[in-house]
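Peer 1: quick one, what's the 3D model for this:
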Amino acid sequence: MESLTVRIARSSARHPWRALIGWLVFVALCLAAGAAVGTNSARTADYRVGEAGRAEAMAAEGHLERRPAEQVLISARSGPLDARAADSAARDLTARTARLPEVAGVAAPVRSADGRVLMVEVTLKGEERDAKDKVGALTEQTSAVQRAHPHLLLQETGSPSISKGVDEQRGADLALSEKITLPVTLLTLLVVFGSLTMAAVPLLLALSSIAAAVGLSMIASHLSPDTGVGTNVILMIGLAVGVDYTLFHLKREREERARGGGRLTSEALVELAASTSGRAVTVSGFAVVASTATLYLASDVIFSSLATGTVVVVLVAMASSLTALPALLTLLGRRAGRRQARRAARGLPARRPRDENGGRAWTALLRPAARHPLATLCVSVLALLALVVPLAGLHIAEMSRDTHSREIPAMRVYDRLNAAFPQQRVTHQVVVRADAARAAEVAAALTEAARLAGADPLFTGAHRLRTSADHRISTLELHVPHLGDSAPARASLAHLREDYLPATVGRLGDADYGVSGDVARYTDYPAHQNSRLPLVLGALLLVTFLMTLYAFRSVALALLGVALNLLSAAAALGLLVLVFQHTWAEGLLDFRSTGSIGSRVPLFLFVILFGLSMDYQVFVVSRIREAVLAGTPTRQAVLDGVRRSASVVTSAAVVMTTVFVSFVFLHIIEMKQIGFVLAAAVLLDAFVVRVLILPSAMLLLGERSWWPSRPGRPAGRSVDQVPPRRRVVDVR
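Peer 2: Numbering: from 1, shown residues only. Now for the predicted structure:
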């Protein structure tokens, strides 16, 4: 039975213009449909996890949830603050902002302890997640007051303006990433193919796939809300896999062209490439999709958004490599044929095709594995295990607001706010839900909790008690004079949860209570991730095993693939700890160490790397399997398969690394960490695992590599089983 990939490729090759126009129409429709339905952004409730999330939900039930607020600081440009002038500016600001429809209220001005700063706090309407879209009107009024009082300095900060600044910085970072990635990728492909036209094909197809994926992701956001990171991951993963999949096809088509010596038509070459590399792309693409889908098990809106973006862009990249690429290859092949005919008519010799079977460099790199497989395996594994050692000191933490770049103006003002008003640094919100008849008991218990906290030097002693209109929900706000990511702030939360509340509110019996706030969020989120980690990793290992088993019908290779993926991912994560949890690389990579790794980074690394590693695993092992099925002994098939696929794996790794490294230049610390660790993981996987460890292990296993199938008579058709003449495979 003829494979689906071959049938699709043949159809595109026979009708190339129809296939290309169809692809462009598909991309345009995706963008148009996405623009029509818009993006469904995640709401504040979508981010709630753990006790903090439960407490926030109860507060929202009583309409006592935290409202987004902006703080405007009024100070002198130099010297002491003129109190009268500052009060006049504060009144002007209050009058202007109070009239804004976006504003819920304006608090009375508060003077700092040293009298040098006057603060006006403005509370906005709506949810925290929506506030960044409303802060512009407030910023305009602040600027108007600044112009009216030029001798004073008015500066604005707060969660809404910081979020807006982060979004603007992210947009600028993405533009910078594109400026770095696209030229370097094009240059890499130019070196690989020696032709600007051929180098442009993978890049153009990847970009069109990204465009289509952006539109489809907007539609998908109505099923899984978008958290604002979707575009980042679509660009990062889309460019990497889009170029990879096209590269696999192109390299195989050129190899078959060189082997055919001009005797095969462009359509036949496309069909041959589809029957081999096309199948590998399909398997590896679905492996990435299946691996990434395990992120949904994390029960986290950000991971779900990352998963959705990755799944969509990988599926689109697969579609482009199976439809638009064969059409392009056919047209380019026909043009090359006409050019060759003109050269022949003028009596010029035919151009010699480039060697696509690996060169001396790769033969030399493979020599250790070929001559001393056991020693090579041991040394390589020990080297990676050495990189795993720093994992013993891994500290996972939620990246708080304090980790944002100080190039954002609102963050610099935020630092001034914390210095002038320490009581503004952290607020714990205790939320209690009980029968309305017990409101007095709840209030008494919360008052006692406030008294206990007031005697604790970790708290300021100030508190605020509120009760909902129906008297079912009560909240207590307690202030802490420490930054949210500091040890004292975390200790204050522990005292509150473990000591003060159990001794007071906890004695009410059937009352439901919890603590929310920034510190509670930063504490509960990593705990939530740790609780989901075994489930996600277990599913990931199972998916990897099953996909490899399906691809090669070999339990031995499936187990080996899982082990190698674990090793390379752990080594990359250890390297990340070595770099980002310490300060020695701060100047080199332009970051400020938080002494921790972002809570989302390890899980995202494992899931994405397991999927991307399948690209190399499928492509390399399928070449080996193809040779074995053709009668080549396993030892020679391993060496030939790795050597022949080495150049394309290397090229793909360089492209992927370029894409990921560009994210190291971003300002958001978590994106820096993700870019660095993925780049490191890809390099380790391509140059250590696939060139040293994999061939060494397979040489040592010998015929046992294919267990339980037999190499000469496999149990069912394999990934690249190619009959002598047709070389077409059966895709089940």
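Peer 1: element containing the residue nearest the centre of the chain, please.
Peer 2: Centroid-nearest residue in the chain, with CA atoms, centre = their mean: V233, separated by 5.0 Å. Counting by DSSP states H and E, the element that carries V233 is helix 230-260.
Peer 1: tell me how far that helix is from the chain's mean position?
Peer 2: 20 Å (CA atoms, centre = their mean, to the nearest Å).
Peer 1: list the contacts of stretch 76-83.
Peer 2: Stretch 76-83 is contacted from outside by I74, S75, G115, R116, V117, L118, H151, L152, L153, using CB atoms under 8 Å, 6 or more residues apart in numbering. (Glycine included, C-beta is placed from N, CA and C.)
Peer 1: can you do 7 Å?
Peer 2: With CB atoms under 7 Å, 6 or more residues apart in numbering as the contact definition, stretch 76-83 has outside contacts at S75, G115, R116, L118, H151, L152, L153.
Peer 1: tell me the contacts of the first one?
Peer 2: Under the criterion of CB under 7 Å, 6+ apart, the neighbours of S75 are L81, R116, V117, L153.
Peer 1: need the contact list for the closest residue to T292 other than its chain neighbours.
Peer 2: Closest residue in space to T292, ignoring its immediate chain neighbours: T310 at 4.5 Å, by CB to CB, 6 or more residues apart in numbering. Applying CB under 7 Å, 6+ apart, we find T310 in contact with V233, I237, T292.
Peer 1: now do the SS call for A652.
Peer 2: helix (DSSP: H, G, I helix; E, B strand; the rest coil).
Peer 1: domain-wise, how is the protein divided?
Peer 2: In terms of domains, the chain is parsed into 1-37+195-346, 66-164, 362-393+519-720, 411-518 (source: automatic domain parsing).
Peer 1: possible to save these as JSON lines with distance to G53 and mean pLDDT?
Peer 2: Below are those laid out as JSON lines (distance: least, CB to CB, whole Å; pLDDT from 0 to 100):
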{"stretch": "domain 1-37+195-346", "distance to G53": "11", "mean pLDDT": "84"}
{"stretch": "domain 66-164", "distance to G53": "13", "mean pLDDT": "91"}
{"stretch": "domain 362-393+519-720", "distance to G53": "7", "mean pLDDT": "85"}
{"stretch": "domain 411-518", "distance to G53": "8", "mean pLDDT": "92"}
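Peer 1: could you dump those domains to a markdown table with distance to T185?
Peer 2: Shown next, in a markdown table, are the domains of the chain (distance: least, CB to CB, whole Å):
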| stretch | distance to T185 |
| --- | --- |
| domain 1-37+195-346 | 6 |
| domain 66-164 | 31 |
| domain 362-393+519-720 | 5 |
| domain 411-518 | 32 |
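Peer 1: next, the angle helix 230-260 makes with the helix or strand containing the residue nearest to T292.
Peer 2: Element membership of T310, judged by DSSP H and E, is helix 301-322. Between helix 301-322 and helix 230-260, the angle comes out at 30 degrees (axes from the mean of the first three to the mean of the last three CA atoms, to 10 degrees).
Peer 1: returning to that earlier point: does anything pack onto the helix holding V233? Which helices or strands?
Peer 2: helix 159-193, helix 196-220, helix 266-273, helix 279-293, helix 301-322, helix 324-345, helix 634-662 (3 or more CB pairs under 7 Å, 6 or more residues apart in numbering; DSSP states H and E).
Peer 1: buried residues, the fourth one. List them.
Peer 2: To tie it back to what came earlier, the one meant is helix 279-293. 279-293 (16 or more other CB atoms under 10 Å).
Peer 1: burial of T157, as a residue count?
Peer 2: T157 has 23 neighbours, counted by other CB atoms under 10 Å.
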